[in-house]
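Novice: Can you look at this prediction? I've put the sequence above it.
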Amino acid sequence: MTLCDSKKKLALAGAGCGVVAAVLAFLGNPANMAFCIACFVRDMAGSLGMHQAEAVQYARPEIIGLVLGSFIISVATKEYRSTAGSSPMIRFILGMMIMIGSLVFLGCPLRMVIRMSAGDLNAWVALIGFILGVATGTLMLKKGTTLGRSHETNQANGSVISILMIVVLILALCTSLLKSSTAGPGSMHAPIIASLIGGLVFGAFAQKSRMCFAGGIRDVILMKNFDLLTIIGSLFVVMLIFNVASGRFVLGFDTPGVIAHSDHLWSILGMYVVGFAAVLAGGCPLRQLILAGQGSSDSAVTVLGMFIGAALCHNLGLASSGTAINPETKKVVAGAVTANGKVAVIICIIACFVIAFTNKRKIAAITNK
């Protein structure tokens, strides 16, 4: 079974993912977020005590569902392969950088598209940075950058990340060990069962369609292939229809309540980091979770890097703040990027270039005698 053999099937897969995101938004997920890999990983990191920002702590069932949905569908269709060994520490660092860039912008590529569909002009500005980042990474690939090949490993090795997700789910359902926000974005969520089912369905669609936001742009640049963009386009259309129909579409900047800011330069640079690092790592944050679910320990290491990156963003003051209304004065307070976040983004850009230039495949010299 595949969804990649026709654009019609890819469009349907994207529409299906859009419906999942719309339903979760309707059932209580934060406004203008619906389904965000970076934000939800950050919330999970908080629930595990990896950071102490009380407003963003919740074991998001959507993340658990994504991994398990990919695992289940890949096993059922015999696409599960346990692999590892492709520059794990570099992938770990890339995962951290993906999260830093995302939380400076305030969203992953998936949320960027969802914000675009809700009229958030800041997200359209950030798209410029994401495209440039993916283009830079693609150029590096064309010049020979590679993190090396992965190799087959013991079948159980590739299932570790899925088992860990099940453990977190059990802890969330059966104990009070995990932290959970009582206010702020972490307290806004759809019912657990709906979130888990939504994650499972989204994960299955994403696995079968090879959905990847960075990969869609990369394929256009490398091969003039627009297939993966078909998925993203149909998701955007479904979310646009939902936002307009539900009155959630608000065109403009500095919109309170949508967890966004209007610091355009740093939105561009933040998403530049995400695009660049995602291409080097072989996929956007969503794609990393899907690959981890279908047995890639390399992607699982990248996901672990994303969790550590999320924790660092809040422990070191790297994450940006969103536009909000002051509860006392009732005035709009514009969101902002922190000084620490700006420094971190610059470091990440430099690190991406260092990784790209120091990981080129060796080409044997041919001499004519």
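Specialist: Great, that's in hand. Numbering: from 1, shown residues only.

Novice: hey, where'd the strands end up in the stretch 101-250 of the chain?
Specialist: Along the stretch 101-250 of the chain, counting by DSSP state E, counting those that start in this stretch, strands occupy 151-152.

Novice: now do the stretch 251-369 of the chain
Specialist: All strands of the stretch 251-369 of the chain, identified by DSSP E, counting those that start in this stretch, fall at 324-325, 332-333.

Novice: ok, and the closest non-adjacent residue to Leu240?
Specialist: Residue nearest to Leu240 in three dimensions, not counting chain neighbours: Ser117, with 4.3 Å by CB to CB, 6 or more residues apart in numbering. Heads up, the C-betas are built off the backbone N, CA and C, glycines and all.

Novice: mind listing what that neighbour touches?
Specialist: Shown in contact with Ser117 (CB atoms under 8 Å, 6 or more residues apart in numbering): 236-237, 239-240, 242-243, 249.

Novice: Could you point out which of those is nearest to Arg60?
Specialist: Sorting the contacts of Ser117 by distance to Arg60 puts Met239 at the head of the list, at 18.7 Å, by CB to CB.

Novice: Give the buried residues for stretch 64-81.
Specialist: 64-74, 80 (16 or more other CB atoms under 10 Å).

Novice: Return the distance of it from the chain's centre.
Specialist: 18 Å (CA atoms, centre = their mean, to the nearest Å).

Novice: Distance check, the closest residue to Trp124 other than its chain neighbours against Gly133.
Specialist: What sits nearest to Trp124 in space, not counting adjacent residues and going by CB to CB, 6+ apart, is Met116, at 5.6 Å. Distance of Met116 to Gly133, given as CB to CB, to the nearest Å: 17 Å.

Novice: Show me what the lowest-mean-pLDDT helix or strand in the chain is packed up against.
Specialist: One helix or strand of the chain scores below all others by mean pLDDT, DSSP states H and E: strand 324-325, with a mean of 72. Packed against strand 324-325 by the contact rule (3 or more CB pairs under 8 Å, 6 or more residues apart in numbering; DSSP states H and E) you find strand 332-333.

Novice: Who does the strand it packs on pair with, and is each partner parallel or antiparallel?
Specialist: Strand 332-333 has the following sheet partners, assigned by DSSP bridges: strand 324-325 (antiparallel).

Novice: looking at it, the residue nearest to Trp124 is touching Phe236, isn't it?
Specialist: Yes - assessed by CB atoms under 8 Å, Met116 is found in contact with Phe236 at 6.7 Å.

Novice: Show me where this protein dips below the pLDDT cut-off.
Specialist: Applying pLDDT under 70 to the chain flags the ranges 1-5, 256-257, 326-327, 362-369.

Novice: for it, what spans make up the helices?
Specialist: Assigned by DSSP state H, the helices in the chain fall at 7-27, 37-47, 61-76, 88-105, 109-117, 121-142, 160-174, 192-209, 213-223, 227-245, 264-281, 285-293, 297-315, 339-358.

Novice: Pull out the buried positions in the first one.
Specialist: Neighbour-count burial for helix 7-27 flags 9-25 (criterion: 16+ other CB under 10 Å).

Novice: what's in contact with stretch 178-193?
Specialist: With CB under 8 Å, 6+ apart as the test, stretch 178-193 has contacts from 23-24, 27-31, 33, 39, 43, 46-49, 54-61, 168, 171-173, 195, 198, 259.

Novice: re earlier: rebuild the strands of the stretch 251-369 of the chain as a markdown table, extending it with distance to Leu106 and mean neighbour count.
Specialist: Shown next, in a markdown table, are the strands of the stretch 251-369 of the chain (distance: least, CB to CB, whole Å; neighbours: other CB atoms under 10 Å):
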| stretch | distance to Leu106 | mean neighbour count |
| --- | --- | --- |
| strand 324-325 | 12 | 13 |
| strand 332-333 | 15 | 14 |
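
Novice: I'd like those written out as TSV, with distance to Ile231 added.
Specialist: Output for the strands of the stretch 251-369 of the chain, formatted as TSV (distance: least, CB to CB, whole Å):
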stretch	distance to Ile231
strand 324-325	33
strand 332-333	36
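
Novice: Next, count neighbours for Met211.
Specialist: By other CB atoms under 10 Å, the residues close to Met211 number 27.

Novice: again with Ser102
Specialist: Neighbourhood size, Ser102 [other CB under 10 Å]: 34.

Novice: now Leu48
Specialist: Using other CB under 10 Å, Leu48 has 17 neighbouring residues.

Novice: on that earlier part again, which one (most neighbours) among the contacts of Ser117?
Specialist: Busiest of the contacts of Ser117 [other CB under 10 Å] is Met239, holding 27 neighbours.
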